[in-house]
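A.B. asks: Everything below, folded, please.
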Amino acid sequence: MITVVGVRFKKAGKIYYFDPNENDINVGDDVIVETARGLEFGKVVIDRREISEDNIVPPLKKVIRIATEEDRIKNDDNKSREKGAFDICLKKIAEHNLPMKLIDVEYTFDNSKIIFYFVADGRIDFRELVKDLASIFRTRIELRQIGVRDESKMIGGLGPCGRPMCCASYLGEFEPVSIKMAK
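C.D. replies: Residues are numbered from 1 along each chain as shown. Reported below is the predicted structural model:
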């Protein structure tokens, strides 16, 4: 059995498990964790618990520390910079006349990379767009194509029942929908 805590990076995002290390962590704490993308800022949503090693995708990364006030300020600064990056990318998409819809922008916590999420019907050659964005922001640029269900999850909204969309409020992962289910 391994001791873990559940951390979420976005409001309705997937929950990832991390080794709490020797930190005294509680639900609701902001933490800095080690991920494949580098250091990330997240919120603890599942308290310390023991789970079997079979339920963990190795390697189990560690919680580096509980977020300091400096970390919170940096995270807020990244969020405000994302809005500016979104507007700039929209202009560049229009300049290059690309058939894509920009959905979201995300700075990594250490500002080593900017990820632009978009929806498009097919494959798009956006090499020139990436070059333009890299020259403006002077950092690594990643453009990630997402599906329409992921778009709904990121944007949110109300479903046909009048309540907040399930995918934006509590669904962690999407199950395939068959034609029979859709009918």
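A.B. asks: Specify the local secondary structure of residue 83.
C.D. replies: Under DSSP: H, G, I helix; E, B strand; the rest coil, the three-state class of residue 83 is helix.
A.B. asks: List the contacts of it.
C.D. replies: Contact analysis of residue 83 by Cβ atoms under 8 Å, 6 or more residues apart in numbering lists residue 105. Bear in mind the C-beta positions are built from the backbone N, C-alpha and C, glycine included.
A.B. asks: domains for this structure, by residue range?
C.D. replies: Using automatic domain parsing, the domains assigned to the chain come out as 2-67, 73-146, 151-182.
A.B. asks: can you list those in JSON lines and add mean pLDDT?
C.D. replies: Shown next, in JSON lines, are the domains of the chain (pLDDT from 0 to 100):
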{"stretch": "domain 2-67", "mean pLDDT": "84"}
{"stretch": "domain 73-146", "mean pLDDT": "91"}
{"stretch": "domain 151-182", "mean pLDDT": "70"}
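A.B. asks: Please enumerate the helices of the protein.
C.D. replies: 69-96, 127-137, 148-155, 166-169, 179-182 (DSSP state H).
A.B. asks: With distance to residue 9 added, can I get these in a markdown table?
C.D. replies: A markdown table is the format used below for the helices of the chain (distance: least, Cβ to Cβ, whole Å):
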| stretch | distance to residue 9 |
| --- | --- |
| helix 69-96 | 11 |
| helix 127-137 | 21 |
| helix 148-155 | 12 |
| helix 166-169 | 15 |
| helix 179-182 | 30 |
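A.B. asks: Which of those sits closest to residue 107?
C.D. replies: helix 69-96 (4.2 Å; Cβ to Cβ).
A.B. asks: Next, the angle from that closest one to helix 127-137.
C.D. replies: Angle, helix 69-96 to helix 127-137, by axes from the mean of the first three to the mean of the last three Cα atoms, to 10 degrees: 140 degrees.
A.B. asks: Any buried residues in helix 69-96, and which?
C.D. replies: Buried residues in helix 69-96, counted by 16 or more other Cβ atoms under 10 Å: 71, 74-75, 78, 82, 85, 89, 92-93.
A.B. asks: Which positions within the longest strand anywhere in the chain qualify as buried?
C.D. replies: Of all the elements of type strand in the chain, the one with the most residues (DSSP state E) is strand 38-51. Neighbour-count burial for strand 38-51, counted by 16+ other Cβ under 10 Å, picks out 40-44.
A.B. asks: got it, and stretch 118-127?
C.D. replies: Of the residues in stretch 118-127, those buried (16+ other Cβ under 10 Å) are 118, 124, 126.
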